[in-house]
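> Got a predicted model here, sequence first, then my questions.
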Amino acid sequence: MKIGILGAGAIGCYLGGKLIAAGHDVVLVGRLGDEIRASGLGLTDYTGSRVDLGADRVRYVTGPEALADVEAVLLTVKSQATEDAARPLAAILQRPTPIVSFQNGVSNPLRLRGVLPGHPILAGMVPFNVARTAPGRFHNGTSGPLAIEQRGGVEAPIAAALRSAGFEVEVHAALEALQWSKLLINLNNAVNALGGVPLYQQIRDRTYRRIMALCVREGIAAMRANGMKIARVGRMLPTLAPTLLLLPDVIFLRVASLMVKVDRTARSSMLDDLELRRTTEIDYLNGEIVRLADAGGVAVPVNRALIALVKQAEQARAGSPRITSDRLLELVTTQVSVKLRRRSRASTPSLVESARGA
């Protein structure tokens, strides 16, 4: 199958590299062409699996024009770039072409349909974390199956191609409940980004888990206030998360190991964004919960506080503020809720600065 990957960063290179290794004709579009041409493409995962592709086997270009005759497009750009990335496709694609949104958040498929009305748009979900560990090297540190929306059979060859590349793929008649439920889990991205530690270390800290439990509890309340269903995500049940996260370490880790595999290097994409001084996807993760809560008349102070802290870290452009779990819990449950209701005085340090100085 001839497949285009638009926005080939960590996730896109990982999906594309595995597809290439399986014999598919793949065109990667993004900003990493120089390092791929110099280093080739290397992929590893939490099981110890490894794929090494020489530069001559990887077609990586900077412009979407090379996607004109592909049979499907996998979109892996950041959510804030969705429309800008998709608009050129309207003039480039030679025929109605399935486009799968393998992006964080829940609003991307709807936004894509507004930009590309003549093409089948499929919601998709990537449950695992992929980090760039060196030029041209990408590591998948967690487990979980890809998910694709069922849409009149156009999804079948895409799912088959991904399965042939070694991915577990689930096809769902309706993906919205699963996307929102996955978003509940992704609320942890902000906690991980602010803590600045690997996920493996973060989930072993009961106080970080307590903050995550507060986030998820707010998200569940917002969803229920709007009459939304909460679905199982792989082996994880988001409705049980607030309870499980508060279990003693030994019990929690035993239960968690049955639901998801996380290696010692895994970290969230939001942490990577802060470290690289890039705008994060906070508005499309915790921000979605705030918008949902506003519609349902539900208070979500912890998610609001995390958004404020992440945005301050973005503006500081100094990487992750590396806030300790105790300090972060203090900020999101007390000081932040107060400061967000006030206009800060010019002499008052930002929350991130306060956290760094603690």
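Arrived safely.
> any chance you could map the strands in this protein?
2-6, 25-29, 41-45, 50-53, 59-61, 72-75, 99-101, 121-125, 130-134, 137-140, 146-149, 169-172 (DSSP state E).
> Quick check: end-to-end length of stretch 287-305?
End-to-end distance of stretch 287-305: 11 Å, with CA to CA, to the nearest Å as the criterion.
> May I see the buried residues of that stretch?
287-290, 292-293, 296, 298, 300-305 (16 or more other CB atoms under 10 Å). All C-beta atoms are positioned from the backbone trio N, CA, C, and that covers glycine.
> State the mean pLDDT of that stretch.
Averaging pLDDT along stretch 287-305 gives 96.
> Quick one: residues in contact with that stretch.
Here stretch 287-305 makes contact (CB atoms under 8 Å, 6 or more residues apart in numbering) with 105-107, 183, 187, 211, 214-215, 218-219, 221-223, 225-226, 228, 286, 307, 331-333, 336-337, 340.
> What does the pLDDT read for Met228?
Met228 is given a pLDDT of 93.
> remind me, longest helix of the chain?
When the chain is parsed with DSSP state H, its longest helix is helix 206-225.
> quick one, helices of the stretch 201-350 of the chain?
206-225, 241-245, 249-259, 269-275, 286-296, 301-316, 325-330, 336-339 (DSSP state H, counting those that start in this stretch).
> circling back to that earlier point, can you tell me which of the buried residues of stretch 287-305 is nearest Leu162?
Glu288 (26.0 Å; CB to CB).
> Surely Leu6 is in contact with Thr62?
No: contact criterion CB atoms under 8 Å: Leu6 and Thr62 do not qualify, at 11.5 Å.
> Who has more neighbours out of the two?
Leu6 (22 against 12; other CB atoms under 10 Å).
> which residues touch that one?
Leu6 neighbours (CB under 8 Å, 6+ apart): 12, 29-30, 64, 67, 73-77, 85, 89.
> want to throw those into a markdown table with pLDDT and distance to Ala159?
Shown next, in a markdown table, are these (pLDDT from 0 to 100; distance: CB to CB, whole Å):
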| residue | pLDDT | distance to Ala159 |
| --- | --- | --- |
| Gly12 | 97 | 18 |
| Val29 | 98 | 22 |
| Gly30 | 96 | 23 |
| Pro64 | 95 | 23 |
| Leu67 | 97 | 20 |
| Val73 | 98 | 15 |
| Leu74 | 98 | 12 |
| Leu75 | 98 | 16 |
| Thr76 | 97 | 17 |
| Val77 | 96 | 21 |
| Ala85 | 94 | 23 |
| Leu89 | 95 | 21 |
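> Same list (those residues) but as JSON lines, adding distance to Ala160.
As requested, the contacts of Leu6 are exported to JSON lines (distance: CB to CB, whole Å):
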{"residue": "Gly12", "distance to Ala160": "20"}
{"residue": "Val29", "distance to Ala160": "23"}
{"residue": "Gly30", "distance to Ala160": "25"}
{"residue": "Pro64", "distance to Ala160": "25"}
{"residue": "Leu67", "distance to Ala160": "20"}
{"residue": "Val73", "distance to Ala160": "16"}
{"residue": "Leu74", "distance to Ala160": "14"}
{"residue": "Leu75", "distance to Ala160": "19"}
{"residue": "Thr76", "distance to Ala160": "19"}
{"residue": "Val77", "distance to Ala160": "24"}
{"residue": "Ala85", "distance to Ala160": "25"}
{"residue": "Leu89", "distance to Ala160": "23"}
